[in-house]
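Student: sequence and predicted model, in that order:
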Amino acid sequence: KIYDGKTNASELATVPISQADAQQRAGRAGRLRDGICYRLYSSDTFAKMSLYTIPEIQRHTLDEICLLAKIAAPEQSIPKFLLQALDAPQPEAVNQACSRLKLLGVLHDGDESITMLGRIIAELPLSVQMAKCMVYAIYYRCLGSMTIIAAYHSVRDPFVLPVDRRRSFKPQEARLKFTEGINSDLIGMISLFKQYTEASRRSNNEVAEFCERYYLCPKSMAMFVSAVVTLRESISRIFKLDQTTKRQASANNRDNNMIRLALTAGLYPNLAYYDQNKNELMSECDPNVLVSRTSCLLGKKKMRTLSSEWVLYVEKSRVSESKSSLEQTSLVSTLHVAIAGGKVLKMAQ
């Protein structure tokens, strides 16, 4: 997975392994006994491989790393501090991450010092934007629901493809049942969590039937529930919440408008705008984007009938040279964007 800072999109690229990887895999078999390693490619192909795999720090977004770097060395500039890394990231990538952190209100614009919001976010075991969603969830009093959404993004997608290819569309049908009438993949996962936990309270057979009916992996669902419990414990400890304050912080758990406000505040500037005249969806740096195949908003015909032109998303993935896909989308209103959207948002033309 490679991150492109210019378009703020990640890409699942197919690349050859490195020579170091090839040697390591041969050595793994050699732990048992001496032998011969047969490679299914030519010596020329091996010679053209890179010596080592590109380090993760040079392939992924640097938001969290830059934030932690500022906490570790508050008197040093972030680019200067990260230049001391064994495999230093590109200065351009560091500067882009710092700009995003300033836009999110995590760093001060002028001296790059960490804000109070940034200090809180750094303590949370979440990505910067999801942690910001959590902070605003307390403000909008929908903390319980937001912990479910955040936990869902910390585990594998529980929906699985059936062995029979003729039924490959069934998991998407099942996914849409949880988002029916909501127009939000994120809020739909709250419905999934609640229905699963209700089934688990009744019996193990109910859980098995529920997972089979909705094409869910039982182990992934168990990890999802465990992640929610762990995250709620961490939030209570970090913010020193007792039973009374937890109830107060979750008073609007069933109010989808409040959840959308918290999501908009945290995920900004991950917004796309649907141009009714051009029948196109556009975002920052991308004049023409698509919603993912698993989105409840999939289909241009459906986009025309929606009550708002604004689409919030968690991640953008590059699917071709000219197209990007928006993952985990939610419809938000112009009012949500105006209230919680942050600073200036420039759409690609």
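Tutor: Sure, I can see it.
Student: now do the SS call for Tyr313.
Tutor: Per DSSP: H, G, I helix; E, B strand; the rest coil, the secondary structure class of Tyr313 is strand.
Student: give me the beta-bridge partners of it?
Tutor: Taking DSSP bridges, one finds Thr329 as the beta-bridge partners of Tyr313.
Student: ok, it touching Ser325?
Tutor: No - applying C-beta atoms under 8 Å as the test, Tyr313 and Ser325 come out as separate, 9.2 Å apart. Where C-beta positions appear, they are placed from N, C-alpha and C, glycine not excepted.
Student: which parts of the protein are strands?
Tutor: Along the chain, the segments classed as strands by DSSP state E run 2-4, 9-11, 271-275, 280-283, 286-291, 310-318, 324-332.
Student: and the pLDDT at the nearest residue to Ser333 once chain neighbours are set aside?
Tutor: On the basis of C-beta to C-beta, 6 or more residues apart in numbering, the spatially nearest residue to Ser333 that is not a chain neighbour turns out to be Ser308, at 4.8 Å. If you check Ser308, the pLDDT there is 90.
Student: try Ile339
Tutor: Ile339 is assigned a pLDDT of 91 by the prediction.
Student: contacting residues around it?
Tutor: Residues in contact with Ile339, defined by C-beta atoms under 8 Å, 6 or more residues apart in numbering, are Leu261, Thr264.
Student: just Gly188 next, same as before
Tutor: Going by C-beta under 8 Å, 6+ apart, Gly188 touches Arg175, Phe178, Thr179, Ile182, Cys296.
Student: mind checking pLDDT for it?
Tutor: Taking Gly188 on its own, its pLDDT is 95.
Student: gap between it and Thr53?
Tutor: When C-beta to C-beta, to the nearest Å is the yardstick, Gly188 and Thr53 sit 36 Å from each other.
Student: before we move on, what about Ala97?
Tutor: In this structure, Ala97 and Thr53 are 21 Å apart, going by C-beta to C-beta.
Student: of the contacts of Gly188 - the most surrounded one?
Tutor: Using other C-beta atoms under 10 Å as the contact criterion, the top neighbour count among the contacts of Gly188 goes to Cys296, which has 24 neighbours.
Student: apart from its neighbours in sequence, what residue is nearest that one?
Tutor: Excluding its sequence neighbours, the residue lying closest to Cys296 (C-beta to C-beta, 6+ apart) is Thr179, at 3.9 Å.
Student: most packed of the strands of the chain?
Tutor: For the strands of the chain, average neighbour numbers computed from mean count of other C-beta atoms under 10 Å are highest in strand 324-332, which has a mean of 24.
Student: and it, what does it pack onto?
Tutor: helix 185-202, helix 256-267, strand 280-283, strand 286-291, strand 310-318 (3 or more C-beta pairs under 8 Å, 6 or more residues apart in numbering; DSSP states H and E).
Student: out of those, nearest to Cys133?
Tutor: The closest of the helices and strands packed on strand 324-332 to Cys133 is helix 256-267. By C-beta to C-beta, the value is 2.9 Å.
Student: just the ones of the contacts of Gly188 in helices?
Tutor: In helices, defined here by DSSP state H, the members of those are Arg175, Phe178.
Student: max pairwise distance over the contacts of Gly188: which two?
Tutor: By the measure C-beta to C-beta, the contacts of Gly188 have their two most distant members at Arg175 and Ile182, which lie 11.9 Å apart.
Student: which residues do those two both contact?
Tutor: Residues touching both Arg175 and Ile182 (C-beta under 8 Å, 6+ apart) are Gly188, Cys296.
Student: so which bits of the lengthiest helix in the chain are buried?
Tutor: As assigned by DSSP H, the longest helix anywhere in the chain is helix 218-239. Along helix 218-239, these residues count as buried under the neighbour rule (16 or more other C-beta atoms under 10 Å): 218, 221-225, 227-228, 231-232, 234-236, 239.
Student: show me the domain layout of this structure.
Tutor: Each domain of the chain is listed here as a residue range: 2-48, 56-123, 151-251, 269-340, per automatic domain parsing.
Student: now distance to Leu261 too, for those domains, in JSON lines please.
Tutor: As requested, these are arranged in JSON lines below (distance: least, C-beta to C-beta, whole Å):
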{"stretch": "domain 2-48", "distance to Leu261": "22"}
{"stretch": "domain 56-123", "distance to Leu261": "16"}
{"stretch": "domain 151-251", "distance to Leu261": "12"}
{"stretch": "domain 269-340", "distance to Leu261": "5"}
